[in-house]
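1. Have a look at this prediction, sequence included:
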Amino acid sequence: MGDLTDADKKIVALSAVIGAVKTDPGPFLDRSTLFSEKGLYRQALEDAKSALRLEPKHVPALIAAGRAALKLKRFEESYKFLNEGLTLDSKNEKIVESLRLLQDEIVSDYDERAQGIPEKTYKAVELCSQDVYPGDDELYKHEVEILLKKYTIDIADIVKPADVPLSKRKEAASFGVMAYNARSDGRLEEALQCCHVALGKDPGNYRLLHMRAMVFDDLEEPAHALKNLVMIPKPFRFVEAWKLGGKLLQKLKLPVMSEFWLRKATEMVPEADRRKDLEAAMLFQQVRVDRIYGPLTYEFPVKVKFTDYGRAVVATESLKPEENAFDDTPVVIGQLISCIQQPACGHCGNSMVTVQQFFGPTFDSLPEDLQTFAIGHWPDVRGVTCSGCQRERYCSENCRHEAWYRYHRVMCPFVNPAAGDLYELIENRGQGRDEKGKWSDLWVCQYSPIVLAKIWAMIASEAKRLMEERGITEPDTEIWARAKMPFRKFISYGSMSAAQKMPEIFKLMQRIFEACDGTLSYKISEAEFEARYYQATCNLQAFAASVTPKTAFMDNLVKTGDIRALRLLRFLEENDRSAGVSFAGMFPLHACLNHACDNNVYVMDGFVNGKPAVHVRVRRHIRPGDELFTTYIDTAMPRKLRRAWLCKSFNFWCNCRRCQFEGDDSSTCTECKKAASGDRNFPGCSRCRKAWYCSTACQKKAWARGHRDICSLEHTAVQMGVSATGS
Ligand SMILES: C[S@@+](CC[C@H](N)C(=O)[O-])C[C@H]1O[C@@H](n2cnc3c(N)ncnc32)[C@H](O)[C@@H]1O
């Protein structure tokens with residue numbers, strides 16, 4: 001022990017105590033304090049958590065965990081521990097002080113941002129591409145055929161400009177004016193007749209064809225309307241004609257053609273007006289979301305809509321509190337860094353905890369007959385392991401098989417040695433040697449980098465499958481585009497260079513996928529690293545299997561009717577050892593839920609087709625057409641903290657109903673934004689105490705405008721999403 005400092009010696013001694021006495025939280029807490037002093041916050045957090053596993057209401061351990069998490073910039077986790085401590089000991093000064101530190105850290109750049117950010121932050125449509133999906137050429141041809149066979153519309157059937165005498169043209173024009181007036185007055189049949197007469201006189205008048213299309217559309221005859229539009233040769237179609245055509249094709253359920261028309265409409269908007277005239281671009285994205293999310297929502301009372309904030313989920317029926325709005329299964333999952341020790345299926349997330357692991361150190365203290373009884377009634381959780389790397393475990397042969405073909409075959413360390421470094425990094429909870437050789441935090445998120453690696457592995461594996469299918473040895477751009485399709489469902493929006501923030505992780509991912517399994521090389525550019533990183537960060541949701549070996553065990557116990565079962569059930573009742581959240585997953589439909597601080601839905605762990613999934617449940621009555629909002633944070637926090645948090649972790653400035661009708665503090669009138677003068681601040685709303693007004697007039701105005709809708713809402717801490725804390 002020659003070179004060890006006093007603290008190191010104490011750590012060694014405490015480790016020996018912990019090894020011998022596994023049931024006392026004290027040594028874990030002491031070691032946590034020493035780790036903290038040495039700046040080893042990950043270890044400090046782990047020890048504080050071990051203490052909490054033994055004694056969940058141990059206030060000093062909650063403080064230690066909260067402080068260590070704060071140092072690691074895991075704000076949500078820190079807040080959770082400290083808040084829990086505060087509910088147990090509301091006067092504890094250490095907790096109050098730590099919460100203040102946490103608040104300072106989160107709102108450090110709040111005022112700067114608050115001043116710089118206008119009320120409405122961004123228009124998502126500007127971030128969305130209109131590129132052609134792979135395979136759309138074929139689909140387009142197919143839709144052209146449907147148009148011809150089902151609606152007798154031939155897209156080649158255009159009207160050439162005709163040589164019509166001036167007198168006829170004039171007559172046609174006057175019928176055109178009559179049609180226009182009749183349509184404006186809602187006399188649609190009359191308008192239609194006028195169009196027919198006008199076009200009889202001047203068949204090559206494109207404005208009249210457009211007008212007749214509009215009238216047919218008003219009469220809800222989309223096929224007839226479209227027939228008129230396609231007759232106008234392409235170079236003579238105005239923006240409005242392309243737009244209307246896109247809408248009509250959408251009504252006829254021909255999305256690829258509809259996108260084609262709306263793309264044209266968007267392109268025709270002059271460059272200078274693009275930021276103002278977003279109608280065509282918005283319509284395009286609506287067609288696209290219908291196309292992508294329609295199949296996911298058809299059995300639920302919701303649909304996906306495109307809004308200023310991008311995709312959003314809206315109700316198609318009236319939804320009652322506690323009703324299930326929809327279920328969702330993940331496209332990709334990975335354990336949370338803090339839960340990597342929990343035994344679980346690497347593919348579906350099913351828990352594989354053994355009876356000994358579940359009971360922890362207390363198992364040894366159970367009488368022997370109870371131990372044997374418990375072992376006998378615990379479900380079989382042996383599962384299977386990847387025969388190559390021996391690192392990945394699965395709950396069933398089926399999961400192993402699926403995992404192998406969907407991603408593991410290109411990132412199994414047995415076939416791809418570079419991936420071994422990733423597994424090592426995860427075992428070290430995101431720590432490793434940085435570029436200068438210093439041991440440090442290389443990965444700074446709560447979720448495991450395995451999620452990111454799996455995204456690239458899924459793309460590479462699918463590209464490989466498509467190559468095999470086509471009998472080629474090099475993937476072309478279409479193959480890559482097809483392989484990337486599943487991830488187009490997730491938005492990617494972030495403000496900081498991820499590759500510069502985590503250079504070692506960027507290089508590691510590049511190394512892994514440059515080689516894959518030796519048959520394919522996937523070059524990850526800095527831009528792609530960034531995009532995928534923010535894709536994961538913006539969309540991941542924490543979840544855990546809701547049916548666990550414990551659930552099956554309890555069922556088994558109840559069925560036995562044995563007295564030992566009763567003893568075990570009593571023991572379990574007194575020692576709730578549920579593992580809690582352990583995974584983060586990207587759920588395509590759930591990822592369309594936007595945030596509001598007065599959320600009307602919440603996310604619950606669930607089970608779909610025997611696999612862990614999420615259920616989205618209703619909190620308050622939702623009317624048809626209303627948007628469903630979840631929360632990404634703990635909504636019990638004050639506005640300033642909520643907004644700062646959302647800005648830091650999710651890159652948006654919350655402007656929800658609550659944020660609009662609550663203030664930050666009494667120094668500013670929440671309604672008219674007037675600043676209080678001197679030290680006489682404004683009085684607050686006596687009911688919620690979250691809004692302050694300079695006058696009764698302002699208070700009344702705010703009440704009528706919306707404060708009354710949010711003033712008495714109950715805000716509870718709910719399960720949070722997984723954000724890139726530290727970003
Ligand atoms: C999980 S996605 C939600 C769906 C997203 N609108 C989309 O198009 O995919 C999270 C992202 O949506 C946006 N978002 C969610 N709630 C928002 C809100 N209340 N205001 C502004 N943007 C929001 C932010 O860009 C955030 O990073």
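-> Looks like it came in fine.
2. Can you tell me the closest non-neighbouring residue to the residue of the stretch 301-450 of the chain found nearest the ligand?
-> Here the stretch 301-450 of the chain gets closest to the ligand at one residue, G310, 2.4 Å apart by Cβ to the nearest ligand atom. For glycine as for every other residue, the C-beta is placed from the backbone atoms N, C-alpha and C. In space, and not counting its chain neighbours, G310 is closest to A124: 3.4 Å by Cβ to Cβ, 6 or more residues apart in numbering.
3. now S448
-> G334 (4.2 Å).
4. show me what contacts the residue nearest to G310?
-> 306-311, 491 (Cβ atoms under 8 Å, 6 or more residues apart in numbering).
5. and if you look at F216?
-> When contacts are counted by Cβ under 8 Å, 6+ apart, F216 touches 192, 222, 224-225, 228.
6. Top of the residues you listed by number of neighbours, please.
-> Using other Cβ atoms under 10 Å as the neighbour test, the contacts of F216 are led by N228, with 27 neighbours.
7. what comes into contact with the strand or helix carrying it?
-> Secondary structure from DSSP states H and E places N228 in helix 222-230. Under the criterion Cβ under 8 Å, 6+ apart, residues 147, 151-155, 157-158, 209-210, 212-217, 237, 241, 244-245, 248-249, 251-252 lie in contact with helix 222-230.
8. following it, which helix or strand comes up?
-> helix 239-251.
9. in that next one, what's buried?
-> For helix 239-251, a neighbour-count test (16 or more other Cβ atoms under 10 Å) marks 239, 241-250 as buried.
10. is G684 in a bridge, and if so with what?
-> Judged by DSSP bridges, the bridge partners of G684 are W692.
11. how many other residues sit next to it?
-> The burial count for G684: 17, using other Cβ under 10 Å.
12. Quick one: mark the members of the contacts of A124 that sit in strands.
-> Judged by DSSP state E, strands contain the following of the contacts of A124: 306-307, 310-311.
13. Contact residues of the stretch 551-700 of the chain facing the ligand?
-> Counting by Cβ under 6 Å from any ligand atom, the positions of the stretch 551-700 of the chain adjacent to the ligand are 591-592, 594-596, 650-652, 654, 656.
14. Going by neighbour count, which of the residues you listed comes out on top?
-> That'd be C592 among those, by other Cβ under 10 Å, with 28 neighbours.
15. quick one: that residue and F306 touch, right?
-> No: in this structure C592 lies outside contact range of F306 using Cβ atoms under 8 Å: 9.8 Å.
16. re the thing from before, got a markdown table for the contacts of A124, with neighbour count and pLDDT too?
-> What follows is the contacts of A124, written out as a markdown table (neighbours: other Cβ atoms under 10 Å; pLDDT from 0 to 100):
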| residue | neighbour count | pLDDT |
| --- | --- | --- |
| F306 | 22 | 95 |
| T307 | 18 | 91 |
| D308 | 13 | 86 |
| Y309 | 18 | 85 |
| G310 | 19 | 89 |
| R311 | 25 | 93 |
| I491 | 17 | 84 |
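17. now for these, which pair is the farthest apart?
-> The span of the contacts of A124, defined through Cβ to Cβ, is set by D308 and I491 at 13.2 Å.
18. Name the residues of stretch 687-701 that are buried.
-> Applying 16+ other Cβ under 10 Å to stretch 687-701 flags 688, 690-694, 698-699 as buried.
19. Quick check: of those, which lies closest to the ligand?
-> Nearest to the ligand among those is K690, at 18.1 Å by Cβ to the nearest ligand atom.
20. Can you report how many residues neighbour the residue lying closest to that closest one once chain neighbours are set aside?
-> Of all residues not flanking K690 in the chain, E662 sits nearest, at 4.3 Å (Cβ to Cβ, 6+ apart). E662 has 25 neighbouring residues, counting by other Cβ under 10 Å.
21. now E662: how far from R689?
-> As defined by Cβ to Cβ, to the nearest Å, E662 lies at a distance of 10 Å from R689.
22. what residues are up against P449?
-> 334, 422, 425-426, 430, 443, 505.
23. Roughly how far does it sit from M411?
-> From P449 to M411 the distance is 11 Å (Cβ to Cβ).
24. Would you mind giving the domain segments of this protein?
-> Segmentation of the chain into domains, based on automatic domain parsing, reads 6-106, 126-161+204-293, 382-540.
25. Same list, these, but as CSV with distance to K170 please.
-> Listed next are these as CSV, based on distance: least, Cβ to Cβ, whole Å:
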stretch, distance to K170
domain 6-106, 71
domain 126-161+204-293, 12
domain 382-540, 53
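26. So which of these is nearest P330?
-> Once the domains of the chain are compared by Cβ to Cβ, domain 382-540 is nearest, at 9.3 Å.
27. picking that back up, identify the contacts common to P449 and M411.
-> L422.
28. picking that back up, just put the contacts of F216 in a markdown table and tack on pLDDT.
-> Putting the contacts of F216 into a markdown table (pLDDT from 0 to 100) gives the following:
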| residue | pLDDT |
| --- | --- |
| L192 | 96 |
| P222 | 97 |
| H224 | 97 |
| A225 | 97 |
| N228 | 96 |
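29. which one of those is nearest I524?
-> P222 (44.6 Å).
30. what residues does the one helix or strand F358 maps to touch?
-> Following DSSP H and E, one finds F358 within helix 355-359. If you take Cβ under 8 Å, 6+ apart as the criterion, helix 355-359 is touched by 343, 363, 366, 374-375, 378, 549-550, 553, 577.
31. what's the most distant pair in the residues you listed?
-> Spanning the widest gap among the contacts of helix 355-359 are P343 and L366, at 20.2 Å by Cβ to Cβ.
32. hang on, the earlier thing: and the contacts of P449, which two are the farthest apart?
-> Across the contacts of P449 (Cβ to Cβ), the longest gap, 13.7 Å, separates G334 and I505.
33. Distance of Y394 relative to N350?
-> For Y394, the distance to N350 equals 9 Å [Cβ to Cβ].
34. Next up, the contacts around the nearest residue to W703 once chain neighbours are set aside.
-> The shortest distance from W703 to any non-neighbouring residue, by Cβ to Cβ, 6+ apart, is to C711 (7.9 Å). Contacts for C711 were tallied using Cβ under 8 Å, 6+ apart; they are 661, 685, 687-688, 691, 703.
35. Need the residues you listed in TSV (columns: distance to T329 and pLDDT).
-> Below are the contacts of C711 laid out as TSV (distance: Cβ to Cβ, whole Å; pLDDT from 0 to 100):
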residue	distance to T329	pLDDT
F661	37	95
C685	43	91
R687	42	89
C688	38	88
A691	41	93
W703	43	94
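36. Looking at those residues, which is nearest T354?
-> Closest approach to T354 among those (Cβ to Cβ): C688, at 48.5 Å.
37. what does the helix or strand harbouring K141 contact?
-> Element membership for K141, per DSSP H and E: helix 136-151. By Cβ under 8 Å, 6+ apart, the residues outside helix 136-151 that reach it are 153-155, 223, 226-227, 249, 252, 254, 256-257, 259-260.
38. Quick one: mean pLDDT for that helix?
-> The average pLDDT for helix 136-151 rounds to 95.
39. can I assume the residue of the stretch 301-450 of the chain closest to the ligand is in contact with C128?
-> Yes: contact criterion Cβ under 8 Å: G310 and C128 qualify, at 7.3 Å.
40. hang on, the earlier thing: so which pair among the buried residues of stretch 687-701 is furthest apart in space?
-> Taking Cβ to Cβ, no two of the buried residues of stretch 687-701 sit farther apart than C688 and C694, at 17.5 Å.
41. Could I get the full set of strands for the stretch 551-700 of the chain?
-> Secondary structure of the stretch 551-700 of the chain (DSSP state E, counting those that start in this stretch): strands located at 583-586, 594-595, 601-608, 611-618, 627-630.
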